[in-house]
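Colleague: sequence-free structure coming up:
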């Protein structure tokens with residue numbers, strides 16, 4: 001019975017335990033983020049503390065999740081606290097403005113939770129105002145009565161900056177002021193622009209100031225406006241007449257207020273470095289500076305002015321283009337050209353040298369070519385200087401070419417023909433002819449080399465093919481007025497050379513044939529001698545035949561001549577026969593050596 005009573009108690013205790021466990025496992029916010037306003041560059045913390053936190057904490061900005069890691073990789077300036085879900089932002093930028101929420105994710109049996117929305121508003125002080133016209137300094141130079149337009153800007157303000165203008169006495173300037181505010185590229189901050197247009201009557205200072213709700217004390221920028229007069233420049237030459245080699249000063253005079261700041265000199269538009277004074281000193285001027293423009297520029301705070309002059313440098317005459325020798329045919333009209341430079345400008349006189357006759361008065365001389373060569377000289381005059389003259393110019397008459405000789409030789413073991421031609425002409429041509437036709441330069445059987453030395457012209461024909469020696473070659477020379485022709489005598493020597501080769505060849509063949517004939521004849525003679533000795537031994541005692549046999553055997557190598565006609569000769573004439581054969585063979589050998597040239 002007691003056991004039955006304890007069972008309901010146990011059930012109640014179990015249910016109470018389950019309920020308490022569920023309540024203790026719920027996650028909920030202890031602190032939540034609130035609307036916050038902060039200055040750009042500051043450190044901002046958005047609080048978020050969760051009790052019984054089971055899930056993962058993350059923040060959203062304008063509905064976009066920032067991440068669940070403590071160090072948010074995509075947002076290096078954002079960090080979540082280790083002990084809570086608080087979000088820290090440092091440094092704060094205008095782009096960080098938005099609506100933030102703290103969230104904790106769900107877990108099995110645990111629901112997710114989301115905090116209330118918090119609006120983060122970022123404010124920014126207006127930037128230092130700057131006057132656009134003062135970018136190169138704090139002074140603006142204007143002419144008297146000139147209207148002035150000033151523009152002042154302040155960037156990055158939130159709320160937008162308010163810009164004001166004031167004069168040097170601190171009085172606000174309201175007339176001619178136009179204001180404008182535009183949203184900057186980041187979409188968060190503003191650009192404040194104010195322009196001022198006025199006509200200053202005297203030198204003055206103008207101040208631009210920028211302020212806002214977050215910057216009660218304004219930031220200011222100042223510009224100074226001055227009325228100035230640019231200089232007027234005049235150049236003065238120390239000596240009005242200048243000759244090459246002179247030294248002199250050129251003075252740059254000015255009228256300006258305030259004092260001129262600097263001087264700049266130019267020669268033919270090129271800056272003269274390290275010349276900053278009002279006087280330019282020129283030492284030992286060259287003739288090359290004639291007609292050169294010298295310019296001085298003077299500048300002050302208002303502006304600049306410049307003045308220039310052209311130098312007139314006198315110098316002695318000098319030949320710059322000598323007349324050339326001319327080749328011409330009789331009756332041709334030719335022109336000699338002589339060019340000189342001088343200041344004052346040069347004048348010319350032409351003289352024929354052989355007769356000292358004056359034949360021209362200009363830079364160019366035109367004459368008609370006669371049958372003989374002539375020489376002319378050009379004289380140049382310039383006022384105030386000594387006269388000069390050019391080198392004599394020769395007029396040569398073109399004549400027909402003349403072939404002096406055709407020589408034979410060798411180069412690298414190859415036959416060579418050399419044609420030497422004398423030709424007084426502009427266009428001289430040498431052509432080699434073989435088989436009544438001109439030799440082509442591309443013909444591989446020949447190589448043609450040309451050389452010219454004044455009126456002497458040389459052409460070398462190298463015969464690459466030995467067979468071409470048998471061909472008749474000729475040299476043909478031509479120019480504007482005539483031609484010349486000459487045949488090379490290469491064939492005669494070549495024929496002799498060929499004949500010698502043929503004769504030697506035939507002699508060699510004959511000697512070889514004779515050697516074979518004598519060899520066979522010797523064998524026949526040796527056989528006949530053997531038969532004769534055998535017959536003799538049968539008739540005469542051996543003691544009588546030995547001397548003859550010995551002689552025959554000693555001389556048998558010479559028995560090769562046709563003087564031993566028959567083996568039927570008597571044995572008694574053996575010594576005589578051998579002697580005859582030896583003499584005959586020596587004579588034939590001597591004749592053969594002479595024919596062969598040994």
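Modeller: Here it is on my side, so go on. All values reported here derive from a predicted model rather than from experimental measurement. Numbers count the residues shown, from 1 in each chain.
Colleague: report the longest strand in the chain, please.
Modeller: strand 215-227 (DSSP state E).
Colleague: counting by contacts, list what that one packs against.
Modeller: Using 3 or more C-beta pairs under 8 Å, 6 or more residues apart in numbering; DSSP states H and E, the elements in contact with strand 215-227 are strand 130-131, strand 139-142, strand 148-157, strand 204-212. (Glycine included, C-beta is placed from N, CA and C.)
Colleague: paired strands for that strand, with orientation please.
Modeller: Using DSSP bridges, strand 215-227 pairs in its sheet with strand 139-142 (parallel), strand 204-212 (antiparallel).
Colleague: switch these over to TSV; also include mean pLDDT.
Modeller: As requested, those are exported to TSV (pLDDT from 0 to 100):
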stretch	mean pLDDT
strand 139-142	82
strand 204-212	91
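Colleague: out of those strands, which is the most enclosed?
Modeller: Counting by mean count of other C-beta atoms under 10 Å, strand 204-212 has the highest mean neighbour count of the strands paired with strand 215-227, with a mean of 21.
Colleague: residues touching it, excluding its own?
Modeller: For strand 204-212, contacts defined as C-beta atoms under 8 Å, 6 or more residues apart in numbering pick out 125-129, 131, 150, 152, 154, 157, 159-168, 170, 173, 192, 194, 196, 217-225.
Colleague: can you select the buried ones among the residues you listed for me in ChimeraX?
Modeller: Only the buried members of the contacts of strand 204-212 enter the following ChimeraX selection, criterion being 16 or more other C-beta atoms under 10 Å:
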select :125,126,127,129,131,150,152,154,157,159,160,161,162,163,164,165,166,173,192,194,196,218,219,221,223,225
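Colleague: quick revisit: out of the helices and strands packed on strand 215-227, which gets nearest to residue 234?
Modeller: Taking C-beta to C-beta as the criterion, residue 234 comes closest to strand 139-142 out of the helices and strands packed on strand 215-227, the separation being 23.1 Å.
Colleague: so what touches that closest one?
Modeller: The list of residues contacting strand 139-142 from outside it, by C-beta under 8 Å, 6+ apart, reads 133-134, 148, 150, 200, 223-228, 301-303.
Colleague: what about 10 Å?
Modeller: 131, 133-134, 148, 150, 199-200, 203, 206, 223-228, 230, 300-303 (C-beta atoms under 10 Å, 6 or more residues apart in numbering).
Colleague: would you mind checking these for buried ones?
Modeller: Members of these that pass the buried threshold by neighbour count (16+ other C-beta under 10 Å) are listed as 131, 133-134, 148, 150, 200, 206, 223, 225, 227-228, 230, 300-302.
Colleague: of these, which is the nearest to residue 425?
Modeller: residue 230 (70.9 Å).
Colleague: contact partners for the closest one?
Modeller: Counting by C-beta under 10 Å, 6+ apart, residue 230 touches 141, 143, 254, 256-257, 260, 298-305.
Colleague: just for the chain, where's the confidence low?
Modeller: 1-25, 136, 490-500, 536-598 (pLDDT under 70).
Colleague: which residues of it fall in helices?
Modeller: Under the criterion DSSP state H, the chain contains helices at 2-25, 490-539, 542-554, 574-596.
Colleague: by contact count, what packs against the second one?
Modeller: Right, helix 490-539. When contacts are defined as 3 or more C-beta pairs under 10 Å, 6 or more residues apart in numbering; DSSP states H and E, helix 490-539 packs onto strand 402-411, strand 414-422, helix 542-554, helix 574-596.
Colleague: starting at the chain centroid, how far to it?
Modeller: Averaged C-alpha coordinates place helix 490-539 at 81 Å from its chain's average position (C-alpha atoms, centre = their mean, to the nearest Å).
Colleague: okay, angle between it and strand 402-411 too, please.
Modeller: Taking axes from the mean of the first three to the mean of the last three C-alpha atoms, to 10 degrees, helix 490-539 and strand 402-411 form an angle of 40 degrees between their directions.
Colleague: now helix 490-539 against strand 414-422, angle please.
Modeller: Regarding helix 490-539 and strand 414-422, their directions subtend 150 degrees when assessed with the same axes, to 10 degrees.
Colleague: so which bits of stretch 428-442 are buried?
Modeller: Buried residues in stretch 428-442, counting neighbours by 16+ other C-beta under 10 Å, are found at 428, 429, 430, 431, 432, 433, 434, 439.
Colleague: list the neighbours of it that are in contact with it.
Modeller: Identification of contacts with stretch 428-442 by C-beta under 10 Å, 6+ apart yields 398, 401, 403, 417, 419-423, 443, 445-448, 450, 452, 455-461, 463, 468, 471-480, 483-485, 487-488.
Colleague: quick one: terminal-to-terminal distance for it?
Modeller: End-to-end span of stretch 428-442 (C-alpha to C-alpha, to the nearest Å): 21 Å.
Colleague: could you do stretch 310-329 as well?
Modeller: Using C-alpha to C-alpha, the gap from the first to the last residue of stretch 310-329 comes to 49 Å.
Colleague: how far off centre is that stretch?
Modeller: Between the centre of stretch 310-329 and the centre of its host chain there is 37 Å, according to C-alpha atoms, centre = their mean.
Colleague: buried residues of it, list them for me.
Modeller: When neighbours are counted by 16+ other C-beta under 10 Å, the buried residues of stretch 310-329 are found to be 311, 312, 313, 314, 315, 316, 317, 319, 323, 326, 327, 328.
Colleague: one step back: out of the contacts of residue 230, which comes closest to residue 187?
Modeller: Proximity to residue 187 was ranked across the contacts of residue 230 by C-beta to C-beta; first place goes to residue 141, at 39.6 Å.
Colleague: what's across from the closest one in the sheet?
Modeller: If you apply DSSP bridges, the partners that residue 141 bridges to are residue 226.
Colleague: who's in contact with residue 284?
Modeller: Under the criterion of C-beta under 10 Å, 6+ apart, the neighbours of residue 284 are 244, 245, 246, 247.
Colleague: and of the residues you listed, the nearest to residue 507?
Modeller: Distance to residue 507 across these (C-beta to C-beta) is lowest for residue 244, with 89.8 Å.
Colleague: quick one, phi psi at that closest one?
Modeller: Backbone torsions of residue 244, given as degrees, to the nearest 10, read phi -60, psi 130.
Colleague: residue 145: what's it in contact with?
Modeller: Applying C-beta under 10 Å, 6+ apart, the residues near residue 145 are 199, 200, 201, 227.
Colleague: with distance to residue 289 added, can I get these in CSV?
Modeller: Compiled in CSV, the contacts of residue 145 are given as follows (distance: C-beta to C-beta, whole Å):
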residue, distance to residue 289
199, 48
200, 47
201, 49
227, 41
